[in-house]
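Engineer: sharing a sequence plus its predicted fold:
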Amino acid sequence: MNGVHDMGGMHGLGAIAPEADEPVFHHPWEGRVHALTIASPTRGNIDAGRHQRELIPGPQYLAMTYYEKWFRSLTELLLKSAFVTLAELAQGRAAPGPKAEPRLAAEAVQPAMTRPASYLRETPTQPAFQVGDAVRCRNLNPTGHTRLPRYVRGHAGQVVAWRGAHVFPDANAHGQGEDPRHLYSVRFTAPELWGEAASPRDSIHLDLWEPYLERA
Amino acid sequence: MAHDHHDPEDGHDHGQHPPSDMELRVKALESLLVEKGLVDPAALDAIVDHFEHRVGPRNGARVVARAWSDPAYRARLHEDATAAIAELGYAGRQGEHMVAVENAPGVHNLVVCTLCSCYPWPVLGLPPVWYKSAPYRSRAVIDPRGVLAEFGVALPDDIELRVWDSTAEVRYLVIPERPAGTDGLDEAALAALVTRDGMIGTARL
C-alpha cells in the first residue's frame, strides 16, 4: 500500500535527533509492549504484524511514538484474530470461558529468542535472474502489503546477489501462505533514483523479490 | 523489570510524548491477556531482560574485532555472515539472514530500513529511536551524505557510498575500518573501540 510508512526519499520530516546514552526502553510500558508483541498468540506472521502497523492512518502514524504504534497494532491483531473482544478490552476483564495455554512459556523465551531460524524456503522454480543482470522494478501499486518501496518503482538496477527463495510478504501478510519467491539484492545508482544532481559514486541496495522485477 | 527513565535532569525532547494513559492501557491489556491465559507474565519479564541485558552493540563489536584480528574469520564472515556470527553465539530473531558489509579506504556503507525498523537484533540489540524515526528513514536513501554530515561525518566526495535499505529479512552489519595505530591491541581492546553507530554506518572509527 502507498502509505506514509513508505517514506524513503521524502523531505521535510524533521531533523534526526540522536540521544546520548539512550536506554533500551524509555518507559517500562515500552518494554511490556515489545514483550507482549513477541509473546502474543498473534505472533508468528511477521508480515501481518508489519502490515497492521501500516494500516494506522497516515496522520496518526506520523504523530505516534514507535511503541504506541506497536501497542495499537497488537490490540487490533488480537481483536481481528478473536483472542479478545471489544467488551473485554473495555472492561479489562475476561469473559467467562476456558483458559488458554500461553504460546510462549518463560523457560522457552531464551531458546525462542536465540534459535537460528530462516525465511528461506524450497521452491521448484529456478531464479529468473542472475548476478549481473539489468532489471527494472515493476510499477506496482498494490493496496495490500508490499516491500517494494515507491522510490524504486520504475527504476533500473543491477542484480548483485541472489539470496535464495524467501517467504513472500505480499502473500504471507494476507494469510495467503508463504508463497516463496526468489529474492535478489539489487543495486541502484543514486542518479538513477534521484536525478543527475545525485553523486554518481553513491548507490542504494534493496532486497527485492522476483515478482517486483522485470528484465531491463 | 525495565529501569524507569524519568530523570528530572533530562529536559531533552526525544520525540517521546506518550499519552499519560499509555502505562495504564498497557497494564490493562497485559492483565487481560494473563487472565485469559494467553501470555505468561514471567515470559514477558524474560523478554524484557533479553533486550535490556543480553543483546546489544557489544555483541556486534566482538564480531568486528574478530574480523579485524583473524583473516580466516573475516573470510568466513564474507562467505556466510549468519554462520560466522553464530560461531560467537549470536543468532535468532532479526538476525536470521546476516550480511556483513565492510568499509574500506574508498568505500563507506550505511544501513537503513525505510519501510519500518529492520535492524540486526542479535548483534546490535534494539535500534535507537532515531533509526526508527521518519527523518532518518526518509533521508538516508536520498541524501545519505547530508545524513552523515548531521552525525558529524564529512564523507569526502571521492569515497563511494553504499546504502543498504533492509527491505527483506536480510540484516546488515557494517564492518568499520580498523583504526590506525591499533596493531598491538587484542580483541577485547579492539572491541572497545567499536561503536553502535560505526556498525550502522552513521559514524566512522
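Structural biologist: Yes, it's here.
Engineer: what count of nearby residues applies to B:L88?
Structural biologist: 15 (other C-beta atoms under 10 Å in any protein chain shown). Quick note: C-beta positions are derived from backbone N, CA and C, even for glycine.
Engineer: ugh, typo on my part, it should be A:T189
Structural biologist: Count around A:T189 with other C-beta under 10 Å applied: 18.
Engineer: now do the same for it: its pLDDT.
Structural biologist: Per-residue pLDDT puts A:T189 at 98.
Engineer: and B:P19, by the same measure?
Structural biologist: pLDDT, read off for B:P19, is 55.
Engineer: do the one 10 residues further on as well
Structural biologist: Taken from the predicted model, the pLDDT recorded for B:L29 is 97.
Engineer: three-state assignment of the residue nearest to A:F71 when sequence neighbours are not counted?
Structural biologist: Spatial nearest neighbour of A:F71, chain neighbours left out: A:V33 (4.8 Å); criterion: C-beta to C-beta, 6 or more residues apart in numbering or on different chains. Counting by DSSP: H, G, I helix; E, B strand; the rest coil, the backbone at A:V33 sits in helix.
Engineer: quick check: A:V33 vs A:A216, distance?
Structural biologist: 43 Å (C-beta to C-beta, to the nearest Å).
Engineer: same check, this time on B:P105
Structural biologist: 32 Å.
Engineer: quick one: which of these two has more around it?
Structural biologist: For B:P105 versus A:A216, neighbours defined as other C-beta under 10 Å are more numerous around A:A216 (12 against 7).
Engineer: okay, now A:A161: neighbour count?
Structural biologist: A:A161 has 15 neighbouring residues, counting by other C-beta under 10 Å.
Engineer: could you do B:F151 as well?
Structural biologist: Count around B:F151 with other C-beta under 10 Å applied: 17.
Engineer: surely it meets B:G201?
Structural biologist: No. In this structure B:F151 lies outside contact range of B:G201 using C-beta atoms under 8 Å: 9.4 Å.
Engineer: got a list of contacts for the helix or strand in which B:D49 is found?
Structural biologist: In this structure, B:D49 sits in helix B:41-49 according to DSSP states H and E. With contact meaning C-beta atoms under 8 Å, 6 or more residues apart in numbering or on different chains, helix B:41-49 is reached by A:25, A:31-32, A:34-36, A:38-39, A:102, A:104-106, A:108-110, A:113, B:1-2, B:30, B:34.
Engineer: drop anything exposed from these.
Structural biologist: In the contacts of helix B:41-49, burial by neighbour count holds for A:25, A:31-32, A:34-36, A:38-39, A:102, A:104, A:106, A:108-109, A:113, B:2, B:30, counting by 16 or more other C-beta atoms under 10 Å in any protein chain shown.
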